[in-house]
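Enquirer: below are the sequence and a predicted model for it; my questions follow.
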Amino acid sequence: MSGVDQKTATSATTATFVTALVFNAAVFGIEIGLFTVLRPYFKQIYERRTRVLVEKDRVKPFEAGLLTWPIALFKTDYRDVQQVNGPDAYLFVRFLRMMIRVLLPIWFISWIVLMPVTSVNNSSANSTGLDRFIFGNVSRDHQARYGAHIILAYLFTFWIYWNIKREMQHFTTVRQLHLINPAHSRSVQANTILVTGIPARHLSEPELRQLYSHLPGGVKKVWLNRDLKELPSIYDRRLAACGKLESAETSLLSTAAKLRRKALKKANGTGDPSPSADSERNVTLAERLVPRDKRPSHRLPAGFMPFSLPFIGEKVDTIDWCRQEISTATGLLTKGRQTLADRGLSLPEDANRDGKVDKNDRAKQTYPPLTSAFVTFNQQIAAHLAVNALTHHEPYCMADRYLEVSPPDVIWGNLGLNPYEKRIRMVISYSATAALIIFWSIPVAFVGIISNIKGLCVRESWLAWLCKLPNPVIGIIQGILPPVLLAVLMMLLPIVLRLLGRFEGIPTRTGLELSLMTRFFIFQVIHSFLIVTLSSGIVAALPSLLSNPSSIPSLLATYLPEASTFFLTYILLQGLSGVAGGFLNAVALILYYVKLFILGSTPRSVYNIKYAQTTVAWGTLFPSVTLLVVITFAYSIISPVINGLACFTFFLFYLLYKYLFLYQYTQPPSADTGGLFFPKAIQHVFVGMYVQQLCLCALFFLAQDPNGKPGALPEGVLMIVLIFLTAGYHTIINSSFGPLTKALPLSLAHKTFRHPAPSLDLRDVDGGAGSNRKETVEEIEEGPSPTDKPRASSSNESGVEHAPHSDYDDVFFARGPDGTEDYGFAQPAASRPQPIVWIPDDSLGLGREEVQANKEPGVKATTQNAKMDEHGKVDVTGPSVDFAKF
C-alpha cells in the first residue's frame, strides 16, 4: 500500500465535513427563511395553541416581528413551558439548557488547549485537515502531550458531576411541587393506584377496602376490572358505525347542496320560481334532490372476509345500515351492562371446602373478574404508601402496583395477566429485544462502511472506481447519505419496540414510553454509535492491518478516532437541517391542507385536523437527544472539534423545543409522568461518561513510544481510577435521589389535598363491573343522592336526545365542579355512551331533519357547532357536545 494512497484515504475527512457543513447550512438557511416568511400567515400550523377553540387550552400569541422572532424567542422565559405543558415538557427543555451550560466551558477550554496540543509541531504522517486535531495525531515522540488530555478528562468529568447533582436537586423540587400542587393533588390521577396480581380472596370491593383501611384516610372507591369478553369488540363496532354514519350524513348533505345549486340555475334560466324554504317543502326537496340511487352506499364483506372488496358483497344504503348497526350494538351493550349490574361480584368464601379461597370457589359468571383493580384513596399520601408497602404475604401476589394512573392512560387489554405470565412475557420481550439488537447490526454496519467509503475503495479493487469520483461526490456519499440512512433505520425501531413493550404486559401508555426510552436508547448507543464507530474505524485501518498485522494496536489507536468525522456530520445534520426542519415543519404544513381537502368531509374530521392536540413521543424524543450527549462526551477529548458543534446544536434544540412546547404541542395532564423521563436521561448522561472514559483508557494503553513500548501507561491507569470514581458517584446519585424520584415524602403530606370523609356504604357501584348498578339507577330516578353515586344523564343539552335511564347507557359516576361527567376507571365498553353523531347544519335544514330521522332508531345526533355552506364545505365553531366523554 503506497503512502499516497493512504493519504488520499485519510484526507477525505475534511472534504466530507466541509461538504456536510455547506449542504446543511444551505438547508438551514432556506428552511429558516421560509419559516420566517410563512409563520405570520399560517398561525394554524405554527402557533396552533393560540387558535384552539377550548379556552382553557389557549395561549397568548407569539408577539414578534418578521425578522426579530429569534431574539424574541430567546428572551422568552423557558419556565413558562411548565405552566403550558407540565413538568415533562419543562424538564426536557431544562435538560437541553443543562447541556448548553455543560458544553460551553468544555468547548472553549478544549479548543484552546487540545487543538494546539494535537496539531502544533506534532503531526503524524499523512494527517491533514480535521485529522490534525484528533487524539491519534499525537506523534510517538510527543507522548507527554497526553498529559493535557488526562487533565482535561478529569476537569470535564468533575464539571459534569456538579451539573448532574444540581439538576437532580432541581428535578426533585419540581416533581414534589407538582405532586402537591392543589390542581394535581385533588385529581383522581394523584389519588389512584393500579394493583395487579390480586389473589381470588381479595377480589371484592369490601376485601380491598378492608386491606387498605390501615392507610391514612382510607379508600374512597374501588374499581374491580372484569373480563368483558365480547363487549369491547361490540363497543368498537358502535364507534366505527358512528364514524361511518357521520361521513355518510355529511356526504348526503353535500350532494343535496350540489343538486340544489343545479336546480336553482335551471330554475333561474327558465324563469321558474326557486323552491320554498318551509319545512314541508324541505322534506320534498330532500327527496327530490337526493334520489335513492345517489345516497351514500357501500358493500358489506363477503362471507368470512374481514373487509369488503369492490364489486363483491351485498350493496347497502350506508345511512340505513349504520343506524341499524348502532341500534344493534347499543342493544347488545345494554344487555351486557345489565348482566354486569344484575350479577355483581359476591364476597369470596371457601365454597368447595378445600381450605383455601381461590378462583374455583367463585360461581361461574358471564363476565368474571380479572386479577386487577383501581383503588382511589381519600388522601394522596395513602396512594404513595400503598404502592411502596409490601401488600401481600405470598410471592408475586399484588406485587405490581402503579402510581399516578389516569383513565386515558390505561391499556385495558393488559389488565388481566397473572404475575407469572407477566414475568415470562418480560423475559420473552427482552430476549426479542436482544435478538433485534444483534440482527439489526447488519444494516447499521453497512451504513458505517459507507461513511468511510474512501478507505474501502483503496482496499477493494472492484470499488476502485469510487476513488475516481470528484471530492464533492465522495463528500455527499460519506457525509450526507449515511446519516440519512441511519435516521430512516431508526424510524422503524419504535414501532417494533412498542409492540414488544405492549406484549410484555405494561398496563399504561406512559409506562410504555418509559420502557421504550430505555430500549430505544440501548439501540441508539449500540447501533448509531458503537457499531458505526467500529465499522468506520476498522474500514479505515483495514489496508494497513492486512499488510502488517503486528501494528494492530497502534493502528487502532490512530484510526478509531477518525470515525469522529461521521459524528461531526451527524451533529451538523441534527443541529442545522434537523432544527430548521422542526421550525418549518413542511410535512405538517402540506398535510394540513391535503387532509382538509381529502379527509375534511365531516365536522369531527375538520375539528381533528384543525384543533386536535399535537403531542410528542417521549420514548423516542429523549433518546434521540441523549444519543447526541453520548456521542459528544465520547469524542469531547478524542476530537474536540465536536464540542463547539454540539454546544451550538443543543442551543438550537433549546430554542426549537421552547417554541414548540409554548405554541404548538399540547401535553395532556393524563399523559404527564411528573418528569420521570428526566432521571432516566441523567442515567444516559452517565453512559456517555462511561463510554468516554473507556475509550480514552483503551487509547492511552494502546499508545506507543518510538521504541514500540507503551507510551501513556500512567494516563491509562489514571483513567481506570476515573472510571471507578464515576461509578462511585453514579451509585451515590442513584441512592440519594432514587427514593425521591417517584414517592411523595411524609414530610410533605400535610400540603396535599384531602377528600372529605368517605362513605362506608359498601353498596357503592363497582365501576369496572357495574355491580349493584340496577340499585343505583333506581336511586337516581328517585332523585339525587348526597353520596357519590352513579347517575344517568337525563340532560337534553344541545338538542341531543338521550336514551332513557334503563338502557344502562351514558351512565357516569361523578360530576366535576365544571359540570363535566367523570366515568372514573370504569371500562369504556361497560360505561361509555354512544358517541353523538355530529352532522353539520345547512341552509336547507336537512341536517336538522337528519337529527330527527336518527332519533327514531335511537341514534343520538346533533348539529351544534358545525355548519355547511351552499358549496358543501364543512366548518366548525367549537368541539362536539360529547368532546369531554371521549
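Expert: Done, it's in. Residues are numbered from 1 along each chain as shown.
Enquirer: CA atoms only for stretch 627-637 - export them in CSV, please.
Expert: Extracted in CSV, the C-alpha atoms of stretch 627-637 (Å, rounded to 0.1, in the frame of the first residue of the first chain):
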residue,chain,number,x,y,z
LEU,A,627,-27.6,9.9,22.0
LEU,A,628,-26.0,13.3,21.0
VAL,A,629,-24.9,13.6,24.6
VAL,A,630,-23.2,10.2,24.5
ILE,A,631,-21.5,11.0,21.1
THR,A,632,-20.3,14.4,22.3
PHE,A,633,-18.9,13.1,25.6
ALA,A,634,-17.2,10.2,23.9
TYR,A,635,-15.4,12.4,21.4
SER,A,636,-15.0,15.5,23.6
ILE,A,637,-11.3,14.7,24.3
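Enquirer: the host helix or strand of residue 588 packs against which elements?
Expert: Using DSSP states H and E, residue 588 maps to helix 586-598. Applying 3 or more CB pairs under 8 Å, 6 or more residues apart in numbering; DSSP states H and E, one finds that helix 586-598 contacts helix 12-38, helix 43-46, helix 603-611. In short, each C-beta sits where N, CA and C put it, glycine included.
Enquirer: can we see that at 7 Å?
Expert: helix 43-46, helix 603-611 (3 or more CB pairs under 7 Å, 6 or more residues apart in numbering; DSSP states H and E).
Enquirer: give me whichever of the ones you listed is most buried.
Expert: The highest average neighbour count among the helices and strands packed on helix 586-598, using mean count of other CB atoms under 10 Å, belongs to helix 603-611 at a mean of 21.
Enquirer: quick check: mean pLDDT across that one?
Expert: In this model, helix 603-611 has an average pLDDT of 93.
Enquirer: just want the angle from that helix to helix 586-598.
Expert: 160 degrees (axes from the mean of the first three to the mean of the last three CA atoms, to 10 degrees).
Enquirer: mind checking how far helix 603-611 is from the chain centre?
Expert: With CA atoms, centre = their mean, to the nearest Å as the basis, helix 603-611 stands 21 Å off its chain's centre.
Enquirer: residue 471 is nearest to which of the helices and strands packed on helix 586-598?
Expert: helix 43-46 (38.8 Å; CB to CB).
Enquirer: got the buried residues for the next helix or strand after the closest one?
Expert: On the C-terminal side of helix 43-46, the closest following helix or strand by DSSP H and E is helix 69-75. By 16 or more other CB atoms under 10 Å, the buried positions in helix 69-75 come out as 69, 73.
Enquirer: stretch 322-336 now?
Expert: 322-323, 325-327, 329-330, 332-333, 336.
Enquirer: now that stretch: average pLDDT?
Expert: 94.
Enquirer: what pLDDT is listed against residue 69?
Expert: 96.
Enquirer: ok, it to residue 53 distance?
Expert: From residue 69 across to residue 53, the span is 25 Å (CB to CB, to the nearest Å).
Enquirer: wait, isn't residue 879 in contact with residue 56?
Expert: No. Using CB atoms under 7 Å, residue 879 is not in contact with residue 56; the gap is 11.9 Å.
Enquirer: those two: which is more packed in?
Expert: Comparing residue 879 with residue 56 by other CB atoms under 10 Å, the one with more neighbours is residue 879, at 18 against 6.
Enquirer: so that one sits in a helix?
Expert: No. The assignment for residue 879 (DSSP: H, G, I helix; E, B strand; the rest coil) gives coil, which keeps it out of a helix.
Enquirer: contact partners for it?
Expert: Contacts for residue 879 (CB atoms under 7 Å, 6 or more residues apart in numbering) come out as 53-54, 607, 865.
Enquirer: who wins for neighbours among the residues you listed?
Expert: Busiest of the contacts of residue 879 [other CB under 10 Å] is residue 607, holding 23 neighbours.
Enquirer: three-state assignment of the residue nearest to residue 312 when sequence neighbours are not counted?
Expert: In this structure, residue 312 finds its nearest non-sequential neighbour in residue 302, 4.9 Å apart by CB to CB, 6 or more residues apart in numbering. Under the three-state scheme (three-state DSSP), residue 302 adopts coil.
Enquirer: from residue 236, how far off is residue 302?
Expert: Applying CB to CB to residue 302 and residue 236 gives a distance of 21 Å.
Enquirer: swap in residue 254?
Expert: Distance from residue 254 to residue 236, by CB to CB: 27 Å.
Enquirer: who has more neighbours out of the two?
Expert: The neighbour count for residue 254 versus residue 236, taken as other CB under 10 Å, is higher for residue 254 (20 against 13).
Enquirer: and that one, that one's in a helix?
Expert: Yes. Counting by three-state DSSP, residue 254 is located in a helix.
Enquirer: which residues does the residue nearest to it when sequence neighbours are not counted contact?
Expert: Closest residue to residue 254 apart from its sequence neighbours, by CB to CB, 6+ apart: residue 872 at 3.7 Å. Applying CB under 7 Å, 6+ apart to residue 872 gives the contacts 254, 257-258.
Enquirer: which helix or which strand is home to residue 872?
Expert: Applying DSSP H and E, one finds residue 872 in no helix or strand.
Enquirer: quick check: it vs residue 880, distance?
Expert: For residue 872 relative to residue 880 (CB to CB), the value is 20 Å.
Enquirer: ok, residue 523 next?
Expert: In terms of CB to CB, residue 523 sits 40 Å off from residue 880.
Enquirer: residue 735: neighbour count?
Expert: The number of residues near residue 735, taken as other CB under 10 Å, comes to 9.
Enquirer: got it, and residue 837?
Expert: Counted with other CB under 10 Å, residues neighbouring residue 837 total 28.
Enquirer: ok, residue 247 next?
Expert: 18.
Enquirer: which residues does it contact?
Expert: Counting by CB under 7 Å, 6+ apart, residue 247 has contacts 601-602.
Enquirer: Three-state assignment for it, please.
Expert: From three-state DSSP, the assignment for residue 247 is helix.
Enquirer: start the count at 23 instead of 1 going forward.
Expert: With the count now opening at 23, the last piece we talked about shows up as residue 269.
Enquirer: so what's it scoring on pLDDT?
Expert: 94.
Enquirer: do the same with residue 531
Expert: On the pLDDT scale, residue 531 gets 95.
Enquirer: distance of the residue lying closest to it once chain neighbours are set aside relative to residue 166?
Expert: Leaving aside its sequence neighbours, residue 531 sits nearest to residue 431 (CB to CB, 6+ apart; 5.1 Å). Separation of residue 431 from residue 166 (CB to CB) stands at 58 Å.
Enquirer: ok, the two, which is more surrounded?
Expert: Neighbour totals were compared for residue 431 and residue 166, and residue 431 leads with 21 against 12 (other CB under 10 Å).
Enquirer: quick one, what contacts that one?
Expert: 530-532, 692-693.
Enquirer: show me where the stretch 723-872 of the chain dips below the pLDDT cut-off.
Expert: For the stretch 723-872 of the chain, the stretches with pLDDT under 70 are 777-843.
Enquirer: sorry, wrong one. I was asking about the stretch 123-272 of the chain.
Expert: Along the stretch 123-272 of the chain, segments meeting pLDDT under 70 span 144-150.
Enquirer: measure residue 539 to residue 695 for me?
Expert: To residue 695, residue 539 is 11 Å away according to CB to CB.
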